[in-house]
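K.L.:
Pasting a predicted model and its sequence here:
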Amino acid sequence: MTDCQNKDTNIIVESCPDLSARNWRRYFSFSTDHKVIGIQYLVTSFVFFLIGGIFAMIIRGELITPESDLVDRTFYNGMFTMHGTIMLFLWTFPSLVGLANYLVPIMIGAKDMAFPRLNAAAFWMVPVVGILMLASFFVPSGSAQAGWWSYPPVSIQNPTGQLITGQVLWLLAVAISGISSIMGAVNFVTTVVKMRAPGMTFFRMPIFVWAVFSAQIIQLFGLPALTAGAVMLLFDVTAGTSFFDSSRGGNPILFQHFFWFYSHPAVYVIILPIFGIFSEIFPVYSRKPLFGYKIVAISSLLIAGVSALVWVHHMYASETPGWMRMVFMLSTMFVSVPTGIKVFAWVGTMWGGKLRLSTPMLFALGALIMFIFAGVTGIMLSVVPVDIHVNNTYFVVGHFHYVLYGTVTMGMYAAIYHWFPKMTGRTYRESWGQLHFWLAFIGTNLNFLPMHLLGLQGMLRRVASYDPEYTFWNVVASLGGFLLGVSTLPFIVNMVSSWIQGPIASNNPWRAIGLEWIISSPPSIENFEDFPVIISGPYGYGKPDQLVANEEAMLGHSK
């Protein structure tokens, strides 16, 4: 390849690939290249994110008035179920797996994942899950209406006596999603343990890799419980078993244990990679090394460990003994300790730095602000009396969405903007990125902050109609939801147009650190022409001006 030049900035880009021939067909093939698979995950999950967002806007349209006057109640229940499951199983998890797929091998100096074919197979299960999930909503015999929790006895009730095909397809989709994620977890853990470049010790790994590694350990040990629970519930619905059917000797509370043993740790599965993103972005846009690298790395493993001891936190209102409530209240509170360590490290990183409020930094700061608020309300919900008081109200919905949208989705936006030049070899339009941020930030707070007030006033979740006294804050929340929907438009236009004809990006447009910034943009098929040999850690720079990827100081090359 020959050098090429960015005409807008006069930057010479070494070994610039031919960006006019992107070979788009490979994104529709069974590719084993981790970078192609990463983008397949990201694009596919974003499509489902838009579908889930449409459901959300219809829900907010229904709730803008106290009466149920927009859609049928049965349709509303099915749509409510679909919104939650799509956003979790088809947007949040796959998008983070896609980002990790793209970055982790490069960050540790590997040429691919440990099991490339397993990696591809895990991705191609995601469209299958999506098709089954959407089919479960549109089947004539009735959609799944038990919510994304799918608690029995609601999920196994069958008033008509006929098989509810929608619930069957929904459970099948959840089970396949679990198998796909377990396959991915095996791949990530093996890759990090076995595929690191020479000299890439654990305490030379980027924090993002630490975060992904910790999250995937949770997947390995927790996800089989949810997958098994979904399969057992599927048997109850289709084969007449009675695992969870109390009328035939089953125990519906047992399903809650299966579900929450994984589904509360799942919050850390999705939040840990976001923490890793923060730890990569804040140093770059503050021009300072990450404060407290080792303790930040270890705190990820601490969060993963404590996550296995918090699931009963969601079952205070179930048949939970008093002593168990106290134990899990304390364990849930303890999670705030390693999490608080990370927050102090990020603040210490930015303190006295040369802050650049570019789009990735804005999204990361916005996500951090909303995470801190979600953390405060999370501590409130860990307290038994408070949790029982607001159980099944919109206070819980508001808290959950500050985590899922305010932190995770905003953090994903930060990551996409930050690594977009590396993935595409193009730069995006900064003005459009900042417009996207402010629309999303304002919309998120308008949408989800009023839910806390509604919950404290007693408004129940999953309702299509409500008492008129709740009207004002529901109108505010709905307007915020519509603004969130509009906020995706500048993002889509910016990403698509920039990928097609944006200015050519240099290998390291942000003057960032890490192995990914010293190879071509986008990277070659095997990432590195020679095997990198790491001779120093990525956060070992002592002065702000030294926070630049320095190939001579950081690594050597070995044939």
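P.N.:
Okay, I see it. Numbering: from 1, shown residues only.

K.L.:
Which strands and helices lie in contact with the host helix or strand of T85?
P.N.:
Using DSSP states H and E, T85 sits in helix 73-85. The contact analysis (3 or more CB pairs under 8 Å, 6 or more residues apart in numbering; DSSP states H and E) places helix 73-85 against helix 34-62, helix 116-138, helix 165-194. All C-beta atoms are positioned from the backbone trio N, CA, C, and that covers glycine.

K.L.:
what about the first one, distance to the chain center?
P.N.:
Here helix 34-62 shows a centroid-to-chain-centroid distance of 12 Å under the convention CA atoms, centre = their mean, to the nearest Å.

K.L.:
and the closest residue to N445 other than its chain neighbours, what is it in contact with?
P.N.:
Once flanking residues are discounted, N445 sits nearest to G480: 7.0 Å by CB to CB, 6 or more residues apart in numbering. By CB atoms under 8 Å, 6 or more residues apart in numbering, the contact list for G480 reads I442, G443, T444, N445, L446, N447, F448, P450.

K.L.:
next one: S286
P.N.:
T349, M350, G353, K354, L355, R356, P544.

K.L.:
you'd agree the fourth one is up against M361?
P.N.:
Meaning K354. No: counting by CB atoms under 8 Å, K354 does not reach M361; the two are 11.4 Å apart.

K.L.:
Just want to know which of those two has more residues nearby.
P.N.:
Taking other CB atoms under 10 Å, K354 and M361 do not tie; M361 has more neighbours (22 against 12).

K.L.:
Do I have it right that that one meets P283?
P.N.:
No: with contact defined as CB under 8 Å, M361 and P283 do not form a contacting pair (10.8 Å).

K.L.:
For I534, grab phi and psi.
P.N.:
For I534, the backbone dihedrals are phi -80, psi 130 (criterion: degrees, to the nearest 10).

K.L.:
Any idea how many residues pack against it?
P.N.:
Applying other CB under 10 Å, we find 20 residues neighbouring I534.

K.L.:
Make 50 the starting number, not 1.
P.N.:
Got it, the first residue is 50 from now on, which makes the last one we talked about I583.

K.L.:
ok, of the contacts of S335, which one's closest to W309?
P.N.:
Checking these against W309 by CB to CB gives T398 as the nearest, at 34.0 Å.

K.L.:
From P255, how far off is that closest one?
P.N.:
14 Å (CB to CB, to the nearest Å).

K.L.:
residues contacting the residue nearest to N126 when sequence neighbours are not counted?
P.N.:
Nearest residue to N126 in three dimensions, chain neighbours excluded: Q194, at 4.0 Å (CB to CB, 6+ apart). Q194 makes contacts with T123, N126, G127, F129, T130, V203, G215, Q216, as judged by CB under 8 Å, 6+ apart.

K.L.:
What segments of the chain are strands?
P.N.:
For the chain, the strands defined by DSSP state E occupy 53-55, 60-62, 580-583, 604-607.

K.L.:
which intervals of this structure have sub-threshold pLDDT?
P.N.:
50-71, 190, 208-212, 586-608 (pLDDT under 70).

K.L.:
One more pass at 50, please.
P.N.:
By pLDDT under 50, the low-scoring segments of the chain are 50-65, 67-70, 589-608.

K.L.:
what residue lies at the spatial centre of it?
P.N.:
Geometric centre of the chain, nearest residue: T141, 3.7 Å, by CA atoms, centre = their mean.

K.L.:
Leaving out chain neighbours, which residue sits closest to that one?
P.N.:
Counting by CB to CB, 6+ apart, the residue nearest T141 is I319, at 5.2 Å.

K.L.:
before we move on, what about F420?
P.N.:
T456 (4.1 Å).

K.L.:
just checking, the one you found touches I418?
P.N.:
No: with contact defined as CB under 8 Å, T456 does not reach I418; the gap is 9.3 Å.

K.L.:
more crowded one of those two?
P.N.:
Neighbour count, other CB under 10 Å: between T456 and I418, T456 has more, with 27 against 15.

K.L.:
before we move on, back to that, which residues are in contact with the residue nearest to the centre of the chain?
P.N.:
S94, I319, L453, V457, T458.

K.L.:
count of neighbours near the nearest residue to V355 once chain neighbours are set aside?
P.N.:
Nearest non-adjacent residue to V355, counting by CB to CB, 6+ apart: V384, 5.2 Å away. Neighbours of V384 under the rule other CB under 10 Å: 23.

K.L.:
what's near enough to touch the closest residue to Y76 other than its chain neighbours?
P.N.:
If the residues on either side of it in the chain are set aside, Y76 comes closest to Q89, at 5.8 Å by CB to CB, 6+ apart. Counting by CB under 8 Å, 6+ apart, Q89 makes contact with Y76, S80, G147, F172.

K.L.:
Alright, calling it a day.
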